[in-house]
Every structure is written in structure tokens, then in C-alpha cells.
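> sequence plus the predicted model coming up.
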Amino acid sequence: MVAGHADGTGYWAVLRHADVMHVARHPVVFSAARGGVVLEDLDPDQLAMMQDMILSMDPPRHVEYRRNVAPHFKARVMAGIEDQIRAQCRSIMVDASERGEVDFVHDVCAPLPTQIIGELVGIPDEDRANIHHWAERITGGQDDEIAAIDESQGDDGSMEGSIQLAMYAIGLANERRADPRDDLMTLMLATEVDGRPMDEMGIGSFFVQLIVAGNDTSRTMLSSGLLALLQHPDQLAELRADRTLIPGAVEEMLRWANPLHYFRRTAAEDTELSGQAIAAGDKVAMIYTSANRDEAVFDDAQAFDIHRSPNPHLSFGIAEHFCLGVHLARLEGRVFFDELLDSFSTIELIGEPPPPALEPQQRAQGTPRAARRLIPDDSSGIALASPPCIPRRVSDPSGPDHHGPRGVERSQRL
């Protein structure tokens, strides 16, 4: 929070691994609900909508909400859909090979989470393209093509996408009330929040978060993970030779190119973090990109290493808000790369990546779009062009490197 910036754009950037964990483990002091989880100050209606999402709830409401929905995302539940995930991956790889030229991010990485979440929730096949489109309008404001849609339609794409997803969820919930099935939407109708069944607003909010989080973060993990392997061909060769290395590789992909760069908290009271006084009402940003490269925790932190163990990255968060979809994300990553390596004997990188800089618009989420193409060749290989930008570290706009002696820095908006 740069001195003199009384316009609300300043925030405390929490950079060290231990400090990020401290903030996450003290949700009463560092509130997700008071100001939401993005650095921008939202208008009252937007903030109220965000506060009804599980990622922006504080105890005790968050604890009760999570307790009721978490059993549907346990490891043993996710393990039961591995065959479905593998079948979807194989279909995606076949389609990529047959089409000859595809956008890697949107035609190969994006369909998997959309299809899998569709299966879990019970979304009919014919509706999934619309679900994916609305989700991209929420997360893709920096995508020139999606921004052009917003401009042509004269609306706020993010808000419009949220409204459409919520309305769809309410409609699907009404169908399930009349015709219950073995899917997540039917289970949501039986979930209690604040001592009563989840209402339409709660169902809509949870659905929006489930769709957006599952779509954008998984897509980023898969595309950025492949880029990392292409930039480290020796490690790619190791994975081809020994698929038991894939789970560890997925964890390193998550550390190296974490899909979410930060989440905001707001100090609920005067407090202190690593000797730095923080006043009630101050914004605090947990910078996961920096914490995942903390030299005090990770040996050779700036190196990509699929053998890294232990790997206590914070890409899934920690404590109260540890990612509900962690088991699904890991399963998707493991199966996706297994099937990718089975389907293509060679993978070639074409073109140079953009500079590894964190642009202002890349605030909370990873790069949602870059022009990437898969081009099958005679040897069942693919060529990847225009790979995504992967921030290597977060740097203070005023100059000093964030990996300096202090782990809590004043900063302007990312």
C-alpha cells in the first residue's frame, strides 16, 4: 500500500510462504468476506454476490457450508470417475489429431474440465457449449476475442456470464426437484446452509464458482504444464519412459505455473505480520506465485523439477479455504498427460513465449488465452505455437524485487 494512495488501490503484498500460510490460517483476523477476494473494491451488489460464494465466506458460515458439500469431492468419489476422465481425454486427443490444426488451449485443454464438471453436475451434453461460453465471458476479459463480444453486445461480460450461469443452475435445480438423479445438482438440493436447504441464490452462486474455478484453473494448469515440459525436454523424456513420475510432475506444474496468482483478504482488526503493522480495513494479498518460489522452502526454487519432493506449494491454498476440487484437479492432470503422451510420439514447440511478465489484468488468475495450435504430423506428433506467458516471480511496480529481505511489501494494484 504505497503511502499517499488514499484512493483504495493500495494493498499489503504477502510474499513469503510462511506469511501466506499465517494469513490463510487466521480467517477471523484476515477476512475473505469483508471485501471479497479480489483487490478491486466491488460495488455493494457485486460484493453481496461474491459473499454468497464459498471462496468468500468466513467462519462459522464457511465451516458449515463446506462441511455439507466437501463429501461430494473426496478422493474416493473422484477416483470413481477416472474412467470417464480417461474416455474424455482420449476423445479430445482423437479430435485434435483428426482436425489437423487446433487451438491447444481452447480445443484441447478447455474441453476436459467442462465435460467432467458437466458429468458431475448432470448438465446435458447439448448445454455444455453454452456453459463453457458463459464461463469464458467471466474469466476472459483480457482475451481480445471475448472482449470484442462484450463490446459488440454492450454489456459487462463477467456480470452477464455470471447471471446466465446462475439462471441456468436455478433452472436445472427445478428440473432435479421434479426428477432427482444421481448427480451433484440433486445432492446440492439436499445440502443445508445456515440450518436450511440451499436456496436458489445459494445454488446459483455455488454453480458459478464450481464452473468457473474448474474450467479456468484446470485449463491453465494443463496448458502451462505442457509448456514447462517442452521447455525441459529431458524431463519430458523421463515422463515418457516412466509414467509413475506424472503425479509428481503435476505437482511441480502447479507450483511452477500456479493457476491463481493471488487472493485478497481484508484485515478485520489491527494486527501484525512478520513485524509489519497492518491496520483494520487494510487489503492483504496472498501472492501464491511468490510463495511458491520462496527459497527458504524450496531448494533451487526457480528451477522446474518433476522430481521435487517434498513440494509444499500453495496453489490449492491451505487451511479453511483449501481447494474443494483438489482431488479432481490432480486426477485430471494425471490422466490428461498420460493420454497426451500415449497419443503423440513427438511434441514440438513453435515460436517463442511472450516475456514472463505479470500484466495488470492478470490479477487473480493465470493467462486464460494465448494462441496455441496443435498440428498432427506423419509421426503422430503435435506442434505447439505461441505458448502462454508464465510469470516467474512477482515484482514490485516501483522496482524492488519481491524476493528481497522482507516478505510483506506495500504495493499498488497488480
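Now that the structure is in, tell me what you want to look at. Bear in mind the structure is a predicted one, so any value in this text is a computation, not a measurement. Residues are numbered from 1 along each chain as shown.
> for the helix ranked longest in the chain, the distance to its chain's centre please.
In the chain, assigned by DSSP state H, the helix with the most residues is helix 200-231. Its chain's average C-alpha position is 5 Å from that of helix 200-231, according to CA atoms, centre = their mean, to the nearest Å.
> and for stretch 307-316?
With CA atoms, centre = their mean as the basis, stretch 307-316 stands 16 Å off its chain's centre.
> list the contacts of it.
17, 20-21, 24, 245, 248, 251-252, 254-255, 258-260, 286, 288, 291-292, 297-298, 322-323, 326, 329 (CB atoms under 8 Å, 6 or more residues apart in numbering). C-beta here means a position set from N, CA and C on the backbone, and glycine is covered the same way.
> which ones among those residues lie within strands?
Met286 (DSSP state E).
> can you list the buried residues in stretch 294-312?
Residues 294, 297-298, 301, 304-306, 308, 311 are the ones in stretch 294-312 that count as buried (16 or more other CB atoms under 10 Å).
> what is the nearest of the residues you listed to Met93?
Within those, proximity to Met93 (CB to CB) peaks at Ile306, which comes in at 21.4 Å.
> and that closest one, how close does it get to Glu238?
Using CB to CB, to the nearest Å, Ile306 is found at 7 Å from Glu238.
> give me the common contacts of these two.
The contact sets of Ile306 and Glu238 overlap at Leu245 (CB under 8 Å, 6+ apart).
> select the helix or strand of this structure having the lowest average pLDDT value.
Least confident helix or strand, the chain: strand 381-385 with a mean of 44, by mean pLDDT, DSSP states H and E.
> using PDB, write out every CA atom in stretch 221-235.
These are the backbone C-alpha positions of stretch 221-235, laid out as PDB (Å, rounded to 0.1, in the frame of the first residue of the first chain):
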ATOM      1  CA  MET A 221      -2.600 -26.000 -15.400                       C
ATOM      2  CA  LEU A 222      -2.800 -28.300 -18.400                       C
ATOM      3  CA  SER A 223      -1.500 -25.800 -21.000                       C
ATOM      4  CA  SER A 224       1.200 -24.300 -18.800                       C
ATOM      5  CA  GLY A 225       2.200 -27.700 -17.700                       C
ATOM      6  CA  LEU A 226       2.900 -28.800 -21.200                       C
ATOM      7  CA  LEU A 227       4.800 -25.700 -22.000                       C
ATOM      8  CA  ALA A 228       7.000 -26.400 -18.900                       C
ATOM      9  CA  LEU A 229       7.700 -29.900 -20.200                       C
ATOM     10  CA  LEU A 230       8.500 -28.600 -23.700                       C
ATOM     11  CA  GLN A 231      11.000 -26.100 -22.200                       C
ATOM     12  CA  HIS A 232      12.600 -29.000 -20.300                       C
ATOM     13  CA  PRO A 233      12.800 -31.800 -22.900                       C
ATOM     14  CA  ASP A 234      14.900 -34.000 -20.700                       C
ATOM     15  CA  GLN A 235      12.100 -34.200 -18.100                       C
END
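> if we can go back for a sec, just the buried residues from the contacts of stretch 307-316, in PyMOL please.
PyMOL command restricting those to the buried ones, with burial defined by 16+ other CB under 10 Å:
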select buried, resi 17+20+21+24+245+248+251+252+254+255+258+259+260+286+288+291+292+297+298+323+326+329
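> below-threshold pLDDT in this protein: ranges please.
Along the chain, segments meeting pLDDT under 70 span 1-8, 100, 140-157, 350-414.
> give me the residue at the spatial middle of it.
The centre of the chain sits closest to Thr217, judged by CA atoms, centre = their mean, with a distance of 2.9 Å.
> distance of the nearest residue to that one once chain neighbours are set aside from Arg99?
The shortest distance from Thr217 to any non-neighbouring residue, by CB to CB, 6 or more residues apart in numbering, is to Pro259 (3.9 Å). Plainly put, Pro259 is 26 Å away from Arg99 if you go by CB to CB.
> cool, Gln84 as well?
Gln84 is 23 Å from Arg99, by CB to CB.
> ok, now Ala329?
Ala329 is 26 Å from Arg99, where distance means CB to CB.
> for Leu331, same thing?
26 Å.
> next one: Arg243
When distance is defined by CB to CB, Arg243 is 26 Å away from Arg99.
> so Gln164 makes contact with Trp134?
Yes. Gln164 is in contact with Trp134 according to CB atoms under 8 Å; the separation is 4.6 Å.
> with neighbour numbers in mind, choose between the two.
Ranked by neighbour count (other CB atoms under 10 Å), Gln164 and Trp134 place Trp134 first, with 23 against 18.
> so is the more buried one in a helix, a strand, or just coil?
Secondary structure, DSSP: H, G, I helix; E, B strand; the rest coil: Trp134 is helix.
> which residues are in contact with the residue lying closest to Asp294 once chain neighbours are set aside?
Nearest non-adjacent residue to Asp294, counting by CB to CB, 6+ apart: His17, 4.0 Å away. His17 makes contact with 291-292, 294, 296-297, 312, 314 under the criterion CB under 8 Å, 6+ apart.
> just the CA atoms of stretch 26-46, as PDB, please.
C-alpha atoms of stretch 26-46 as PDB (Å, rounded to 0.1, in the frame of the first residue of the first chain):
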ATOM      1  CA  HIS A  26      -6.300 -16.900  10.600                       C
ATOM      2  CA  PRO A  27      -9.600 -16.200   8.800                       C
ATOM      3  CA  VAL A  28     -11.100 -14.300  11.700                       C
ATOM      4  CA  VAL A  29      -8.300 -11.700  11.500                       C
ATOM      5  CA  PHE A  30      -7.900 -11.800   7.800                       C
ATOM      6  CA  SER A  31     -11.400 -11.900   6.300                       C
ATOM      7  CA  ALA A  32     -12.400 -13.100   2.900                       C
ATOM      8  CA  ALA A  33     -15.900 -11.800   3.300                       C
ATOM      9  CA  ARG A  34     -15.400  -8.200   4.200                       C
ATOM     10  CA  GLY A  35     -14.000  -7.000   0.900                       C
ATOM     11  CA  GLY A  36     -14.200 -10.200  -1.200                       C
ATOM     12  CA  VAL A  37     -11.200 -11.900  -2.700                       C
ATOM     13  CA  VAL A  38     -10.100  -9.500  -5.500                       C
ATOM     14  CA  LEU A  39      -8.200  -6.300  -5.000                       C
ATOM     15  CA  GLU A  40     -10.700  -4.100  -6.700                       C
ATOM     16  CA  ASP A  41     -13.400  -2.500  -4.400                       C
ATOM     17  CA  LEU A  42     -16.600  -4.000  -5.700                       C
ATOM     18  CA  ASP A  43     -19.900  -2.200  -5.700                       C
ATOM     19  CA  PRO A  44     -22.400  -3.400  -3.000                       C
ATOM     20  CA  ASP A  45     -24.400  -5.700  -5.300                       C
ATOM     21  CA  GLN A  46     -21.200  -7.300  -6.700                       C
END
